[in-house]
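**Student:** all I have is the shape, not the residue letters:
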Ligand SMILES: Cc1cc2nc3c(=O)[nH]c(=O)nc-3n(C[C@H](O)[C@H](O)[C@H](O)COP(=O)(O)OP(=O)(O)OC[C@H]3O[C@@H](n4cnc5c(N)ncnc54)[C@H](O)[C@@H]3O)c2cc1C
């Protein structure tokens, strides 16, 4: 039987967010879901236009219960989803789980599925959230950058979705072989996957006028 742990500060599972397949891997607290959203640099937004499904990858960031993304004002994707119900999926792959059979092999991962209604973000919130996005990618950098020009703001559409329903699913740990396979003479274990920020490669086209800030240097080695 799946465990029924009350959700204290999160998203009590709804009909569509209750993790049914391997329910013990399902998580519903903000403290469990939000670190996954924040660790990932990108998500996939799924939506329907004229009855046809689409799924579009994009960079994202989060502030409170709202997840944001942005792009060109000319983007069909961004224009089409405003006001509509969408589903956002985020995942990070942490390992390839090599069991002693193909059937029992798996992956370690952290993932989140979020539902809500998409809205366009404008005005002060848009300006502030552009800084928040920069800060997610490179803490401290919004203070170093010039302000966005009005034309740049106009050319940018920002969208947000208040997270109304959410689930996370996490697999970590080792292999789950069938007992009959214990004697198979094949290596078994987990191939670890890491996504890290690895280097500050200077721009080769234009002269670099300053050294990277200490905050930028500190990013090197950061694991997602
Ligand atoms: C990197 C990665 C690799 C995966 N590889 C495989 C694979 O090869 N084969 C496979 O069958 N599954 C794989 N999964 C798991 C997959 O995402 C689904 O959980 C699984 O297929 C069950 O789907 P379902 O619709 O039957 O789940 P159900 O439990 O019926 O889904 C019900 C609800 O649970 C929630 N939920 C389900 N899955 C997730 C999730 N991953 N994250 C957050 N919420 C979730 C959603 O709200 C969903 O609407 C992988 C996941 C990740 C992140």
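**Tutor:** Done, it's in. Model, not experiment: these values are computed from the prediction.

**Student:** quick check: bridge partners of residue 111?
**Tutor:** On the basis of DSSP bridges, residue 111 is bridged to residue 91, residue 169.

**Student:** per-residue confidence for it?
**Tutor:** Per-residue confidence (pLDDT) for residue 111: 98.

**Student:** now do it: how many residues are near it, please.
**Tutor:** Residue crowding around residue 111 was assessed by other C-beta atoms under 10 Å; the count is 19. (Each C-beta comes from the backbone N, C-alpha and C, glycine too.)

**Student:** check contacts around it.
**Tutor:** For residue 111, the set of contacting residues under the criterion of C-beta atoms under 8 Å, 6 or more residues apart in numbering consists of 36, 89, 90, 91, 92, 168, 169, 170.

**Student:** report the two of those separated the most.
**Tutor:** Of all pairs drawn from these, the one with the longest distance (C-beta to C-beta) is 89 and 170, at 14.2 Å.

**Student:** residue 18: what secondary structure?
**Tutor:** The assignment at residue 18 comes out as coil when based on DSSP: H, G, I helix; E, B strand; the rest coil.

**Student:** from residue 114, how far off is it?
**Tutor:** As defined by C-beta to C-beta, to the nearest Å, residue 18 lies at a distance of 14 Å from residue 114.

**Student:** please apply the same query to residue 211.
**Tutor:** The value you get for residue 211 to residue 114, if C-beta to C-beta is used, is 39 Å.

**Student:** who's more crowded, those two?
**Tutor:** A side-by-side neighbour count of residue 211 and residue 114, using other C-beta under 10 Å, places residue 114 first with 27 against 10.

**Student:** just the pLDDT for the more buried one.
**Tutor:** For residue 114, the pLDDT comes out at 98.

**Student:** and if you look at residue 6?
**Tutor:** Checking the pLDDT column for residue 6, the value is 93.

**Student:** any chance of the contacts of residue 111 in CSV, with distance to the ligand, neighbour count and pLDDT too?
**Tutor:** Putting the contacts of residue 111 into CSV (distance: C-beta to the nearest ligand atom, whole Å; neighbours: other C-beta atoms under 10 Å; pLDDT from 0 to 100) gives the following:
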residue, distance to the ligand, neighbour count, pLDDT
36, 9, 20, 98
89, 7, 15, 98
90, 8, 23, 98
91, 4, 18, 98
92, 8, 20, 98
168, 5, 27, 98
169, 3, 20, 98
170, 8, 18, 98
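
**Student:** is it possible to get a markdown table of these that adds distance to residue 128?
**Tutor:** Rendered in a markdown table, the data for the contacts of residue 111 read as follows (distance: C-beta to C-beta, whole Å):
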| residue | distance to residue 128 |
| --- | --- |
| 36 | 24 |
| 89 | 26 |
| 90 | 22 |
| 91 | 28 |
| 92 | 27 |
| 168 | 27 |
| 169 | 32 |
| 170 | 31 |
